[in-house]
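**Student:** Dropping a prediction and its sequence here:
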Protein chains: 2
Amino acid sequence: MNYKIRCIREKMKLLNIQGLIITNPLNIRYIIGIPVEGKILITDRENIFITDARYIEEVNGFLTINDEFVIYDAKDLSETDNQNFFQNCENVGFEENYVTFAEYENIVRKHRIKNMEETEGIIEKLRMIKDEKEISNIEKACKITDDCFTYLIDYIKIGMTERQIALEIEKFFLEHGADGEAFETIVASGINTSKPHARPSEKIIREGDPITIDFGAKYKGYSADMTRTIFAGYVKDELKELYDLILRNQEKISKEYTDGTSCKMLARSIENEFYLYNYTLIHALGHGVGLNIHELPIISHNSQLTLKENMVVTNEPGIYIPGKYGIRIEDTIKVGRNEPEILTKSSKDIIIVDE
Amino acid sequence: MNYKIRCIREKMKLLNIQGLIITNPLNIRYIIGIPVEGKILITDRENIFITDARYIEEVNGFLTINDEFVIYDAKDLSETDNQNFFQNCENVGFEENYVTFAEYENIVRKHRIKNMEETEGIIEKLRMIKDEKEISNIEKACKITDDCFTYLIDYIKIGMTERQIALEIEKFFLEHGADGEAFETIVASGINTSKPHARPSEKIIREGDPITIDFGAKYKGYSADMTRTIFAGYVKDELKELYDLILRNQEKISKEYTDGTSCKMLARSIENEFYLYNYTLIHALGHGVGLNIHELPIISHNSQLTLKENMVVTNEPGIYIPGKYGIRIEDTIKVGRNEPEILTKSSKDIIIVDE
């Protein structure tokens, strides 16, 4: 029995939809288990994966009878076949946040669907809770990221450019078994650290600069996400104070990443703590990490979700002083029943790099 | 006067739309000229770029009065501002092939749009013809790709894996000024060459293998696309014959990449030539190359488009014998008024790599 499909069918009942069309490649990878192109149709009678000649051998070799999938090559399906899949379905769900308007119209026409229903992230919500294999892939991505940070502490010297360091990270990932970067690396130094989403520039690292490095490897499709802020030459007193404030709170709130904690309360707690010092948390405190670098749940004061065991989420408070500097510290954390496990294990002590 | 906006407004008149919403990041990069996030609204009165604090400084510094854009920070716009932009527009166009169903509904609500109209790739069609700066970026991407191939001829040895070679290509690009790969490199050897879209595997290159390398650098957002098939140790007679057949046709058809040539006829011509030898061209003969690796025009027997001066397109005939091997040869070509210019200049002589 296919566990993921069983969960999806339960959710479908609650939404009163008898059919479902899944076309988002990350959702397909999640359900099928390997990266192949095609689309999944869940009908009142069966689970169907429609693919093409490039993938059909691989899928047939990977899926077993227990996966309960019927595999078709798209070119073997007649117009009537496509019209018949959903003939007994009153309502058919689709991924309204992925399917383009043109695809939507095409689906309705091709499958003669009576009524299309938005599903509000039915699969994305399932993906929040990771299984053993997913966690093991994320752990491996985090390990490569940690190893890279160890390497960087030796590698980074005053006088290098931000772009040079970002490039070295990408090369390290490729040479150490990662698929590549999970997202575009941020290396920001000096004044650039005041922008949370700075892109690596040709700016040279100078003595006194804070250096924010936000990076993560991708391994078998799964992401890691870690930020460390280190310092060039020495640490200015005001930066040291700010660093300590953020680190103290980051470590304290980490302990609350357990089953049952409200995402809203986590974010509020850090926001209030910063507010006492006249600072504002200008972005979310964290987000889910998995096949996508940003996925559910979002940990912010708008969130309605609660942490559950085996979610994998980030904890990334930061403070940014416009025109001056900023500091962010981030870990990827596995939510535990009683205790969280921090998957990115690099040191958060103040680290100083030299010439 | 903003030339691109003028062209877009002319097309809008033909489509009887008074407003246009552009959200596809590649189309925004094309119009604005730098990679920034936001959305463009073209109304009956003005051209608007709505962005946020991360980009506002950069955009204001880059655009001049001649670009005729009004820049807004999204957070400064009230609900009423958003409702008023299109108040005099009967029909508003949108990118139906990019906008998701959920975004479509959100746009209609947010801007109180009376009637949304599909625009069938209005910007994508403009993007087919490249300007001087775009061509110069593509030329640079092709040069890095050529340099990489020169390097590979020395680097590749019998006994290496496909993945090892693919990794080396990615590293070469990063170290030679490219943004990175324009697409996921294909390195296929031996039997794997029979699949046109093979992914690099752990298969080891053995004596007698053909090796198909399909790769391209990206430079300032613009792509190169080149395929070469080389040989390990020696060339089997049957492969030599096939190679000569493909090369002869690839070079002959290249000369037809000139203003006014029908894309359909180009593809048909190669298909017929292969058919005489009992082979089938199982994919398109070529495609446009630019900010996207695959863009308009597609050169296939289904195409209704005609080549125009300063389009940049590929010419990539290939023959694949299931379960045995395949050969493909591909160049990126700038369409000329009377003569094409081949932008990827690597040798197409038979190249043999050794131990």
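**Tutor:** Structure received. Since this is a predicted model, take the numbers as computed values, not measurements.
**Student:** Okay, strands next: where are they in the stretch 101-250 of chain A?
**Tutor:** Under the criterion DSSP state E, counting those that start in this stretch, the stretch 101-250 of chain A contains strands at A:115-118, A:180-181, A:186-189, A:210-215, A:217-219, A:222-223, A:226-232.
**Student:** would you list those strands in JSON lines and tack on distance to chain B?
**Tutor:** (Glycine included, C-beta is placed from N, CA and C.) Converted to JSON lines, the strands of the stretch 101-250 of chain A look like this (distance: least, C-beta to the nearest C-beta, whole Å):
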{"stretch": "strand A:115-118", "distance to chain B": "7"}
{"stretch": "strand A:180-181", "distance to chain B": "8"}
{"stretch": "strand A:186-189", "distance to chain B": "12"}
{"stretch": "strand A:210-215", "distance to chain B": "14"}
{"stretch": "strand A:217-219", "distance to chain B": "13"}
{"stretch": "strand A:222-223", "distance to chain B": "17"}
{"stretch": "strand A:226-232", "distance to chain B": "17"}
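**Student:** Which of those strands has the lowest mean pLDDT?
**Tutor:** Sorting the strands of the stretch 101-250 of chain A by mean pLDDT places strand A:180-181 lowest, at a mean of 92.
**Student:** and that one, what does it pack onto?
**Tutor:** Using 3 or more C-beta pairs under 8 Å, 6 or more residues apart in numbering or on different chains; DSSP states H and E as the contact test, the elements touching strand A:180-181 are helix A:162-175, strand A:217-219.
**Student:** quick one: strands adjacent to the shortest one?
**Tutor:** Same thing as strand A:217-219. Note on strand A:217-219: by DSSP bridges, its sheet partners are strand A:180-181 (antiparallel), strand A:222-223 (antiparallel).
**Student:** roughly how far out does the last one sit from the chain middle?
**Tutor:** Looking back up the chat, that one is strand A:222-223. 7 Å (C-alpha atoms, centre = their mean, to the nearest Å).
**Student:** Next: the first one.
**Tutor:** Strand A:180-181 has its C-alpha centroid displaced from the chain centroid by 13 Å (C-alpha atoms, centre = their mean).
**Student:** who in chain A is up against chain B?
**Tutor:** Residues of chain A lying close to chain B (C-beta under 8 Å from any C-beta of the partner chain) are A:54, A:94, A:96-102, A:104-105, A:118, A:167, A:170-171, A:174-175, A:180, A:195, A:197.
**Student:** Please pick the buried ones from the residues you listed.
**Tutor:** A:94, A:96, A:98-102, A:104, A:118, A:167, A:170-171, A:174, A:195 (16 or more other C-beta atoms under 10 Å in any protein chain shown).
**Student:** Would you check that A:Ile153 makes contact with A:Ile230?
**Tutor:** Yes - the criterion here is C-beta atoms under 8 Å, and A:Ile153 meets it with A:Ile230 at 7.4 Å.
**Student:** Quick check: neighbours shared by the two?
**Tutor:** Listed as contacting both A:Ile153 and A:Ile230 by C-beta atoms under 8 Å, 6 or more residues apart in numbering or on different chains are A:Ile351, A:Val353.
**Student:** Neighbour count: the two, which is higher?
**Tutor:** Counted by other C-beta atoms under 10 Å in any protein chain shown, A:Ile153 and A:Ile230 do not tie: A:Ile230 has more neighbours, with 22 against 14.
**Student:** Out of the strands of the stretch 101-250 of chain A, which is closest to B:Arg6?
**Tutor:** Of all the strands of the stretch 101-250 of chain A, it is strand A:186-189 that lies closest to B:Arg6, at 37.3 Å by C-beta to C-beta.
**Student:** Sheet partners, orientation included, of the closest one?
**Tutor:** strand A:210-215 (antiparallel).
**Student:** Report the beta-bridge partners for A:Ile333.
**Tutor:** Applying DSSP bridges, one finds that A:Ile333 bridges with A:Val313, A:Ile342.
**Student:** Isn't it up against A:Leu307?
**Tutor:** No - counting by C-beta under 8 Å, A:Ile333 does not reach A:Leu307; the two are 9.5 Å apart.
**Student:** got any residues that touch both of the two?
**Tutor:** Common neighbours of A:Ile333 and A:Leu307 (C-beta under 8 Å, 6+ apart) are A:Tyr257, A:Val313.
**Student:** And the pLDDT for A:Met1?
**Tutor:** A:Met1 is given a pLDDT of 64.
**Student:** re the thing from before, could you say which of the strands paired with strand A:217-219 is packed most deeply?
**Tutor:** Burial of the strands paired with strand A:217-219 is given as mean neighbour count (mean count of other C-beta atoms under 10 Å in any protein chain shown); strand A:222-223 ranks first at a mean of 27.
**Student:** contact partners of that one?
**Tutor:** A:134, A:137-138, A:140-141, A:182-183, A:216-217, A:289-293.
**Student:** Over to stretch A:255-274?
**Tutor:** Against stretch A:255-274 from outside (C-beta under 8 Å, 6+ apart): A:245, A:249, A:253, A:280-281, A:284-286, A:297-309, A:313, A:315, A:317, A:319, A:333, A:335-340.
**Student:** count of neighbours near the closest residue to A:Phe86 other than its chain neighbours?
**Tutor:** Excluding its sequence neighbours, the residue lying closest to A:Phe86 (C-beta to C-beta, 6 or more residues apart in numbering or on different chains) is A:Gly19, at 4.5 Å. A:Gly19 has 25 neighbours, counted by other C-beta under 10 Å.
**Student:** Run through the helices of chain A in chain order.
**Tutor:** Remark: helices assigned in chain A by DSSP state H are A:3-14, A:25-32, A:56-62, A:79-84, A:101-110, A:122-126, A:132-155, A:162-175, A:237-254, A:263-275.
**Student:** Which one of the ones you listed lies nearest to A:Ile48?
**Tutor:** The nearest among the helices of chain A, by C-beta to C-beta, is helix A:79-84 at 10.1 Å.
**Student:** tell me how far that closest one is from the chain's mean position?
**Tutor:** Chain-centre distance of helix A:79-84: 37 Å, with C-alpha atoms, centre = their mean.
**Student:** tell me which residues in that helix are buried?
**Tutor:** A:Asn82.
**Student:** Would you write a PyMOL line that selects the buried entries of the contacts of strand A:222-223?
**Tutor:** Filtering these down to the buried ones (16+ other C-beta under 10 Å) takes a single PyMOL command:
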select buried, chain A and resi 134+137+138+140+141+182+216+217+289+290+291+292+293
